[in-house]
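A.B. asks: give me coordinates for this.
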Amino acid sequence: MILQLEPNLTEAQRKAILEQISAVKYKTTPVKTQYGDYLIGIGKGDFDIRRLGHLPGIKDIHVVSDTYMLVSRKWKVAPTVIDLGDGVTVGEGSLAIMSGPCSIETEAQIEGMVAHLKENHVRIMRGGVFKPRSSPYAFRGLGIEGLKLFHRICRQNGIKIITEVMQVSQVDEMLPYVDVFQVGARNTQNFNLLDALGKVDKPVLIKRGLSGTIDELLQSAEYVFSGGNERIMLCERGIRTYETASRNTLDLNAVPILKEKSHLPVVVDPSHGIGIRDFIEPMALAAVMAGADGVIYEAHATPEEAASDGAQTLNFPESAELIRKLRLAYQLRKGW
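C.D. replies: Residues are numbered from 1 along each chain as shown. Below you'll find the predicted structure:
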């Protein structure tokens, strides 16, 4: 059960509401976000919700059977649109394109990527400065100094930044320099990190875990929402299966299922999903036709020389062609 509270709720009204909830043997958890004040009620008994709905201070009441209540579409039918500022949005009504290298490497690399994005009218650049790598000897990113460089160049050119945060201690130092925090597949169930991201007023993109279910992804989003941050995006990036012909199995079934289950925007990462450069384009286009609100993929001026993930990274001509086709596919979808 979700109770939306009026913004001018008095302490006396809150006390009366809590007493009535206790009387029907429900336990409550308060959730206050940048947009609303809620009470989450957990209990087993059936009761007439009109017993609560008429109380002063209650804006609305919703009975939600999902364990991920706040991110469920069962109470919030209108889709959430994430506003990044300066006319850049992610959500229903537009197709967000996010592109950039796996790893931020040099100033020249950032400038070249920014020029490519501007030429193709893309407003969001992805790039990692803290890199979780399977091998401890692989390139693990430039760290906070690389992020500051990344931020400075993108700000000068009107480009928004999405980059991965790996641990709680990085959140505060990264906060001034990011537009979207990315939670990688290895951290999808790092609940301490999700709690910390619930306390910031910056959008968060949560990638599906390597072997995570759709419901587990939604539960991870619930952690962030219940912590106080409603600005969340869900990302399908492929799951680990018995198949070895591709890096992962990109589960495009997840796109319409997530759109039905949740009001949050859904983004697809075909680069990690299939991991083969030649097949990024068809999978990205399929994601759009499946209903994705955005596509995030890897691009680099010279993928063969990239510090990481070169085998799944598009060069600039390939990237420009994909951007063109993504927009055509989205227009086709809109016309149905």
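
A.B. asks: could I get the full set of helices for the chain?
C.D. replies: Applying DSSP state H to the chain gives helices spanning 11-23, 50-53, 107-119, 143-156, 168-174, 191-197, 214-226, 254-261, 270-274, 280-290, 316-334.

A.B. asks: list the buried ones in stretch 176-191?
C.D. replies: Burial within stretch 176-191, assessed by neighbour count using 16 or more other Cβ atoms under 10 Å, is assigned to 177-185, 187-190. For every residue, glycine as well, the C-beta is placed using N, CA and C.

A.B. asks: alpha carbons only: can I get that stretch in PDB?
C.D. replies: C-alpha atoms of stretch 176-191 as PDB (Å, rounded to 0.1, in the frame of the first residue of the first chain):
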ATOM      1  CA  PRO A 176      29.600  17.800  -8.900                       C
ATOM      2  CA  TYR A 177      30.900  16.300 -12.100                       C
ATOM      3  CA  VAL A 178      28.100  13.900 -13.300                       C
ATOM      4  CA  ASP A 179      24.700  14.300 -14.800                       C
ATOM      5  CA  VAL A 180      23.800  10.600 -14.400                       C
ATOM      6  CA  PHE A 181      25.300   8.000 -12.100                       C
ATOM      7  CA  GLN A 182      25.500   4.600 -13.700                       C
ATOM      8  CA  VAL A 183      25.300   1.500 -11.500                       C
ATOM      9  CA  GLY A 184      27.100  -1.300 -13.400                       C
ATOM     10  CA  ALA A 185      26.000  -4.900 -13.700                       C
ATOM     11  CA  ARG A 186      28.400  -6.000 -11.000                       C
ATOM     12  CA  ASN A 187      26.900  -3.500  -8.500                       C
ATOM     13  CA  THR A 188      23.200  -3.900  -9.200                       C
ATOM     14  CA  GLN A 189      22.700  -5.600  -5.800                       C
ATOM     15  CA  ASN A 190      25.300  -3.500  -3.900                       C
ATOM     16  CA  PHE A 191      22.500  -2.300  -1.600                       C
END
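
A.B. asks: need the contact partners of it.
C.D. replies: The contact list for stretch 176-191 (Cβ atoms under 8 Å, 6 or more residues apart in numbering) reads 84-85, 124, 126, 132, 147-148, 150-151, 160-167, 171, 174, 193-194, 197, 200, 202-210, 212, 216-217, 220, 223, 233, 237, 272.

A.B. asks: do that again at 6 Å, thanks
C.D. replies: By Cβ atoms under 6 Å, 6 or more residues apart in numbering, the surrounding residues in contact with stretch 176-191 are 84, 132, 147-148, 151, 160-165, 193, 197, 202-207, 209-210, 212, 220, 223.

A.B. asks: return the distance of it from the chain's centre.
C.D. replies: 9 Å (Cα atoms, centre = their mean, to the nearest Å).

A.B. asks: lowest-pLDDT helix or strand in this protein?
C.D. replies: Among the helical and strand segments of the chain, the one scoring lowest on mean pLDDT, DSSP states H and E is helix 50-53, with a mean of 83.

A.B. asks: list the buried residues for that one?
C.D. replies: Going by neighbour count (16+ other Cβ under 10 Å), the buried part of helix 50-53 is residue 52.

A.B. asks: picking up where we left off before, what's the most buried one of the helices of the chain?
C.D. replies: helix 270-274 (a mean of 27; mean count of other Cβ atoms under 10 Å).

A.B. asks: how about that helix as PDB, C-alpha atoms only?
C.D. replies: The C-alpha coordinates for helix 270-274 follow below in PDB (Å, rounded to 0.1, in the frame of the first residue of the first chain):
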ATOM      1  CA  PRO A 270      23.600  -3.500 -27.100                       C
ATOM      2  CA  SER A 271      27.400  -3.100 -26.800                       C
ATOM      3  CA  HIS A 272      27.600  -5.200 -23.600                       C
ATOM      4  CA  GLY A 273      24.500  -7.100 -24.600                       C
ATOM      5  CA  ILE A 274      26.100  -8.900 -27.600                       C
END
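
A.B. asks: look up how far residue 14 lies from residue 26.
C.D. replies: Residue 26 sits 15 Å away from residue 14, going by Cβ to Cβ, to the nearest Å.

A.B. asks: neighbours of the residue lying closest to residue 18 once chain neighbours are set aside, just the number please.
C.D. replies: Residue nearest to residue 18 in three dimensions, not counting chain neighbours: residue 28, with 6.4 Å by Cβ to Cβ, 6 or more residues apart in numbering. Using other Cβ atoms under 10 Å, residue 28 is surrounded by 17 other residues.

A.B. asks: in the sheet, who's paired with residue 28?
C.D. replies: Here residue 28 shows beta-bridge partners residue 41, assigned using DSSP bridges.
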